[in-house]
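Enquirer: give the three-dimensional model of this entry:
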Amino acid sequence: MYYFHDVMKIFRYVFLYQHMLGYFMRHSLFVVLITPFVAACQPPVVPLKTYSFNVKFDVNGKSYDVSEKFNCHYEDVSWISTKGAEWHIREGSDVVRIYGVIDNDISFEIIPNQPWPKSFCFDESGPLDVQVFIKNKNGLVESFDKNRLVSSFYNFRLVDARIDSRTWGVDFFEKKHKLLELATRSYYTVVVNFYGEDKWSRNEGAADFVEERKIIWFEKNKAFPFSGWGKDDVELARIRWDDENLKEDGAFARQNVLKPNGAAWVISTSNVEAINWLQEPAMAGGEEGIELTSSERRSSWVSYRGSKIELPIRDYYRIFYEPDENRLVEFVAQSVKLR
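Expert: Next comes the predicted model:
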């Protein structure tokens, strides 16, 4: 039987081995050479860290303090990645969610905002941005965060959100493991980004697109149905990807959210109002997660300055040039999966 200091010595050796293996596995040539031998070299015991995802918030004056634990292992993951050994969540990052209910059996779901491909296996405890989704009985879902604080139903305040590193330990190595598969439903919302002349005119490629009318020129009181993406759309997406001022996520644009109003989405003038989400309609003749042809793709309509704009609702966008404002206007459909 090992004494405590012997156990800790073994743990340090295992971690040092894994750290060295992880360093070498990050070099692609070494990955090719070492992959056939990883199974034989991987030790049977791996380091383990336990974390706690903690969120405190108020809804209509009532306080909620909720948490969820999850584990991270430091082990070889070459079966899903070329990084070799690294800290990761065996079940996948979807395990870092919190579920609960508020008054009147209204359910909520909390999801952290973590840019892909970063992991939740942080080196130390720290704060985190989150979205709190509240599911109303009328089918509407509203999301709140540190900036989105009010709706027709709720006054919200985010007090604290963080991931705390709790304990260290060891666990047995698993060569492969199944990612968590949540029974979820897809919801979508629409946002609009405005790129002023200072954002797009300095990009020669974007300026040429406007001048040559490869971007649709917006007109008031007109319908703009969607017929599919063409080569010009693909080329514009490439141009924007390389320009920090024109990133598709709207980080460098003025952004407004939209609200469903009857058969169309309309722009909300408030920058503190909750974001509205609707459940995606079922696909005719298709299954969840299976894309259909563009003519069968589900879409929604946006009402903007007297015009109607059709927008596919599965992570698509449409961009227009607005000549009277000399700016680009981008409508984006964003989606999220909730339980």
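Enquirer: and the helices in the stretch 101-250 of the chain?
Expert: 197-200, 204-211, 231-241 (DSSP state H, counting those that start in this stretch).
Enquirer: list the buried ones in the first one?
Expert: Right, the one you point to is helix 197-200. 199-200 (16 or more other Cβ atoms under 10 Å). To be clear about C-beta, it is placed using only N, CA and C from the backbone, and glycine gets the same treatment.
Enquirer: now for it, which elements pack on it?
Expert: Under the contact criterion of 3 or more Cβ pairs under 8 Å, 6 or more residues apart in numbering; DSSP states H and E, helix 197-200 touches helix 204-211, strand 327-338.
Enquirer: need the winner for burial among these.
Expert: strand 327-338 (a mean of 20; mean count of other Cβ atoms under 10 Å).
Enquirer: that strand pairs with which strands, and in what direction?
Expert: strand 185-195 (antiparallel), strand 317-322 (antiparallel) (DSSP bridges).
Enquirer: tell me the mean pLDDT for the strand ranked longest in the chain?
Expert: Assignment by DSSP state E gives strand 156-172 as the longest strand of the chain. Strand 156-172 comes out with an average pLDDT of 94.
Enquirer: residue numbering should commence at 656 henceforth.
Expert: Got it, first residue is 656 now, which makes that one strand 811-827.
Enquirer: off-centre distance for that strand?
Expert: Put simply, strand 811-827 sits 20 Å off its chain's centre (Cα atoms, centre = their mean, to the nearest Å).
Enquirer: among the helices and strands packed on helix 852-855, which is nearest residue 807?
Expert: strand 982-993 (20.0 Å; Cβ to Cβ).
Enquirer: could I have the closest one exported to PDB, CA atoms only?
Expert: Extracted in PDB, the C-alpha atoms of strand 982-993 (Å, rounded to 0.1, in the frame of the first residue of the first chain):
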ATOM      1  CA  ARG A 982     -23.600  52.200 -44.900                       C
ATOM      2  CA  LEU A 983     -23.800  48.400 -45.000                       C
ATOM      3  CA  VAL A 984     -26.800  46.800 -43.300                       C
ATOM      4  CA  GLU A 985     -26.500  43.200 -42.300                       C
ATOM      5  CA  PHE A 986     -29.400  41.000 -41.000                       C
ATOM      6  CA  VAL A 987     -28.200  37.900 -39.100                       C
ATOM      7  CA  ALA A 988     -30.200  34.900 -37.900                       C
ATOM      8  CA  GLN A 989     -28.500  33.400 -34.900                       C
ATOM      9  CA  SER A 990     -29.500  30.100 -33.300                       C
ATOM     10  CA  VAL A 991     -29.200  28.300 -30.000                       C
ATOM     11  CA  LYS A 992     -30.100  24.800 -28.800                       C
ATOM     12  CA  LEU A 993     -32.000  24.600 -25.500                       C
END
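Enquirer: so that strand versus helix 886-896, what angle?
Expert: 90 degrees (axes from the mean of the first three to the mean of the last three Cα atoms, to 10 degrees).
Enquirer: and residue 711, which of the helices and strands packed on helix 852-855 is closest to it?
Expert: Comparing the helices and strands packed on helix 852-855 by Cβ to Cβ, strand 982-993 comes nearest, at 21.1 Å.
Enquirer: point out where the stretch 656-805 of the chain drops to low pLDDT.
Expert: 656-697, 735-737, 770-773 (pLDDT under 70).
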